[in-house]
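> Give me the fold of what follows.
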Amino acid sequence: MFRSLKSFLDRLLPGRFQPILPGLLALIMVITSGFWWFPALAQKINGVPGSPSATMSISGEQLPAPAPPFGGVIKDGALQSKPWWAPRVAPPKEAPNVLLIITDDAGFGVPSTFGGVIPTPTMDRIAKEGLRYNRMFSTALCSPTRAALITGRNHHSAGFGVISEQSTGFPGYNSIIERDKATIGRMLKDNGYSTAWFGKDHNVPAFQASQSGPFDQWPTGMGFEYFYGFVGGDANQWQPNLFRNTTQIYPFKGREGKWNLITGMADDAIDYMMRMNQINPSKPIFIKYAPGATHAPHHPTQEWVDKIHSMHLFDDGYEKLRDRIFENQKQLGVIPKDAKLTPWPSDVLKPWDQLTADEKKLFIRQVEVFAAYSAYNDYEVGRVVQQFQDLGKLDNTLIIYINGDNGASAEGGPLGTPNEVAFFNGLNKLPAAEQLKFYDVWGTEQTYNHMSAGWSWAFDTPFDWFKQNASRLGGINQNMVVSWPARIKDKGALREQFVHVIDVVPTILEAAGIRPPEVVDGIKQAPIEGASFLYTFDSKNAKTPSRHTTQYFEMMGQWALYKDGWVLSTQVNRAPWEAFGAANPDPLNNQVFQLYNLNEDFSQAQDIAAQNPQKVKEMRQEFLAEAKKYQVLPLDASVAARIVAPRPNITAGRSEFVYTRPMVGLPQGDSPLLLNTSYTVTADIEVPQAGAEGILLTSGGRFGGYGFYLLKGKPVWLWNLVDLERLKWEGPEALTPGKHTVEFDFKYDGLGAGTLAFNDFSGVGRPGTGALKVDGQVVATKTMPKTLPMILQWDESFDVGSDTLTGVNDADYQPPFAFTGKLNKLTVKLDRPQLSPADIKKLETAQRNNTASE
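Predicted coordinates:
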């Protein structure tokens with residue numbers, strides 16, 4: 001850039017003129033009215049060049065921008081020299097503030113803005129001041145959508161073919177956003193924006209979430225200067241695993257049951273906005289605002305539950321709700337008048353009139369809490385929007401409010417559940433009569449609740465199916481509202497162009513007048529794969545065809561291809577709650593194919609594949625080409641099996657772990673996993689004269705996990721089987737003062753997670769026998785008829801010496817329950833099962849037979 005001009009003058013000027021070269025360069029800058037000219041783009045200097053107040057907007061092809069050469073004069077002494085300051089980087093003039101909002105697990109029919117019955121006045125307000133979009137598309141799952149949203153690249157391109165907890169060792173599935181795919185946070189930060197991220201971050205690899213780092217995949221390592229939120233797929237909103245930047249914080253301590261993250265993150269975002277404005281009011285800000293709502297657990301405050309309950313929105317059941325939303329959508333004009341509903345799936349979801357009285361009572365409670373959570377969240381989003389107005393900045397603020405990172409979630413199953421952790425262990429079939437004991441505390445800190453999938457089907461109206469179903473619009477067709485008062489004049493209008501989450505990054509960049517970088521930190525950048533939809537902001541382009549004409553979709557072996565209004569889809573072959581069966585061995589070809597023309601069939605209701613076999617053939621080939629281009633291969637239809645797949649975490653290759661001092665906060669993905677294996681946990685302790693109690697080791701919490709502790713001096717090992725059952729080994733008497741060795745030894749009776757590589761679940765969740773020992777003597781023995789096969793409570797950590805967040809047994813203790821003796825050493829030893837050659841041969845034979853029968 002500037003160096004080329006200096007090189008030219010070096011060659012042009014005789015040596016005796018070299019001392020005046022810096023001044024000459026500065027003069028040229030002034031003469032050219034503050035522009036530095038580059039081959040591709042000019043950079044504008046604001047203010048007097050070289051002064052401390054000067055700023056510049058950069059060309060942006062290289063980030064960070066190269067430092068300009070010194071433009072002052074240097075003599076032997078300072079008095080004879082002239083100082084010169086490089087201008088500070090600032091965005092182009094009139095670049096807007098940006099508020100990017102994305103909610104969680106919300107179907108098209110959730111918000112009132114698009115015909116739903118749940119009041120969302122904030123979304124309504126933005127729609128009235130801007131535009132509605134009825135063809136905004138996601139990837140069908142949370143962190144894949146979010147990776148695409150912040151990078152502008154397809155989810156497989158960004159390494160997020162699935163959530164990080166399912167990551168595998170292939171480029172499209174390793175949950176690592178490589179450095180050649182800089183995020184929108186990084187692009188805007190290096191162009192002079194303040195950048196912040198609030199709420200959910202499901203893009204930190206599960207194996208890089210500990211304090212050991214690395215932190216380059218955390219928000220602060222990806223261009224977001226400030227982070228306030230939780231890491232993972234979801235969180236207990238009453239007691240979340242909450243971070244400020246990379247440090248865990250506990251603002252709810254002493255305020256349990258009163259503090260809620262939905263309000264807490266709005267408060268923190270407002271505080272951030274006020275601080276940034278007071279410090280530097282001319283600097284625009286970019287906020288990614290990603291609340292946990294409405295992902296399970298559904299945790300609204302009681303005030304909002306009471307408000308929704310008084311409205312009696314759901315008393316006539318989910319089928320009537322679906323019909324009502326559908327008619328509302330037509331009246332609002334957000335779907336065509338000739339749109340059709342597919343039939344209710346009676347073979348999958350029991351019709352309302354066939355439910356028992358207990359089921360109806362329970363299901364209404366479930367959905368009222370969900371609706372309260374959604375309405376509560378929209379209200380808190382409104383406080384953040386209002387803060388822009390209170391600061392006088394709303395006119396030049398681009399607000400993008402996306403309803404859902406995928407369709408409504410059905411992971412609660414047909415019955416719903418008081419504990420979502422049960423679903424991930426294949427245990428979400430608790431009858432309504434048993435769930436009703438949680439009726440009064442549904443949505444409080446006592447539940448990790450999810451609703452019946454019947455409501456989820458209704459909330460995806462006018463489409464069908466759910467989150468995870470990438471081949472159905474119910475899984476991928478979101479909606480969105482956008483406002484920018486200074487630019488958008490076609491207020492309240494509808495836009496029907498195809499838009500995908502990968503289109504958000506190029507839209508923000510175009511709005512800010514910033515080009516995508518070619519090089520970041522010396523690394524050549526992969527191309528942005530989305531297309532800006534800024535053109536749709538103008539009324540003259542209201543009916544202009546979409547510039548995004550082709551898009552693949554794939555999630556866990558279900559896939560689709562969109563092209564110019566046509567959609568080739570694979571028929572749904574697995575409901576989202578059916579995660580534990582053998583996977584389709586050939587998800588590319590072993591499918592029933594369906595074809596739809598969305599130009600004439602808005603809701604994907606009429607399959608015309610039989611009438612168009614050549615179109616089906618062509619689009620199958622086109623999908624394969626897209627899959628090869630964007631790292632989608634190899635296709636993998638497994639779901640739960642991938643949760644326990646080996647990953648490069650800090651426990652990989654290790655079988656012994658030693659801790660010599662208390663430590664808390666080690667996440668599940670980076671801690672020793674005691675599932676599907678034999679193990680021994682040994683604690684060398686000292687008991688004082690007054691006795692001791694407290695935690696030696698715990699992992700998980702109220703909704704699933706284990707604890708090793710002294711209770712009134714007696715040693716205890718406890719397994720919390722997802723709050724459905726607790727198995728307890730307890731010594732007969734309190735430990736005497738002095739040194740002791742307390743041990744829990746568990747022998748697992750199964751082949752282990754290795755069977756999953758053969759599409760076989762027989763090795764996981766098997767029985768085992770545990771023995772509790774004191775000073776080498778067995779004091780309690782018990783057999784577990786079944787064990788947890790997949791996962792503990794993911795938002796709770798592995799803690800030594802005390803317990804954070806919730807405890808594994810409220811009846812025994814309340815956290816932190818710090819150990820009052822001395823812990824000299826705690827050792828965890830794993831003895832993982834190994835498949836014998838005979839085991840492998842048997843599994844291979846079974847796999848071949850199953851494949852042949854498909």
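> who are the neighbours of the longest helix along the chain, in terms of helices and strands?
Using DSSP state H, we find that the single longest helix of the chain is helix 357-390. Applying 3 or more Cβ pairs under 8 Å, 6 or more residues apart in numbering; DSSP states H and E, one finds that helix 357-390 makes contact with strand 97-102, helix 121-129, helix 261-279, strand 285-290, helix 302-309, strand 397-403, helix 432-435, helix 453-459. Any C-beta I mention is one placed from the backbone N, CA and C, and that applies to glycine too.
> Need the winner for burial among these.
Highest mean neighbour count of the helices and strands packed on helix 357-390: helix 453-459, a mean of 28 (counted as mean count of other Cβ atoms under 10 Å).
> Residue 760: helix or strand, and which one exactly?
Secondary structure assignment for residue 760, by DSSP states H and E: no helix or strand.
> same question, the one 3 residues further on
Residue 763 belongs to no helix or strand when assigned by DSSP H and E.
> OK, contacts around it?
By Cβ atoms under 8 Å, 6 or more residues apart in numbering, the residues touching residue 763 are 676, 750, 751, 752, 753, 754, 755, 756, 833.
> you'd agree residue 317 is up against residue 360?
Yes - if you go by Cβ atoms under 8 Å, residue 317 and residue 360 touch, sitting 7.4 Å apart.
> Of those two, which one has the most company?
Each of residue 317 and residue 360 had its neighbours counted (other Cβ atoms under 10 Å), and the higher figure belongs to residue 317 (19 against 16).
> Skip the chain neighbours and tell me the closest residue to that one.
residue 352 (3.1 Å; Cβ to Cβ, 6 or more residues apart in numbering).
> before we move on, what about residue 280?
Of all residues not flanking residue 280 in the chain, residue 194 sits nearest, at 7.7 Å (Cβ to Cβ, 6+ apart).
> For that neighbour, which residues are in contact?
Listed by Cβ under 8 Å, 6+ apart, the contact partners of residue 194 are 225, 276, 280, 283, 284, 285, 286.
> Now for these: which two are most distant?
Pairwise distances across the contacts of residue 194 (Cβ to Cβ) peak at 14.0 Å, for the pair 280 and 286.
> and residue 70, how many residues sit next to it?
15.
> That one contacts residue 83, correct?
No - at 9.4 Å, residue 70 and residue 83 do not qualify as touching, with contact defined as Cβ under 8 Å.
> Tell me where the model's unsure across the stretch 151-300 of the chain.
Within the stretch 151-300 of the chain, the set of residues satisfying pLDDT under 70 is empty.
> now the strands for it?
194-201, 226-231, 242-244, 247-249, 285-290 (DSSP state E, counting those that start in this stretch).
> Dump the contacts of residue 763 to CSV, plus pLDDT and secondary structure.
Formatted as CSV, those follow (pLDDT from 0 to 100; DSSP: H, G, I helix; E, B strand; the rest coil):
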residue, pLDDT, secondary structure
676, 97, coil
750, 96, coil
751, 97, coil
752, 95, coil
753, 93, helix
754, 94, helix
755, 94, helix
756, 92, helix
833, 96, coil
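> What is the nearest of those residues to residue 603?
The shortest gap between residue 603 and any of these belongs to residue 756, at 37.0 Å (Cβ to Cβ).
> Verify the assumption that residue 631 is located in a strand.
No - Residue 631: not assigned to a strand; according to DSSP: H, G, I helix; E, B strand; the rest coil it is coil.
> Kindly tell me how buried it is, as a neighbour count.
By other Cβ under 10 Å, the residues close to residue 631 number 19.
> same question, residue 330
Close neighbours of residue 330, defined as other Cβ under 10 Å, add up to 16.
> Same check on the one 4 residues further on?
Burial measure for residue 334: 21 neighbouring residues, criterion other Cβ under 10 Å.
> Report the separation between it and residue 375.
Taking Cβ to Cβ, to the nearest Å as the measure, residue 334 falls 19 Å from residue 375.
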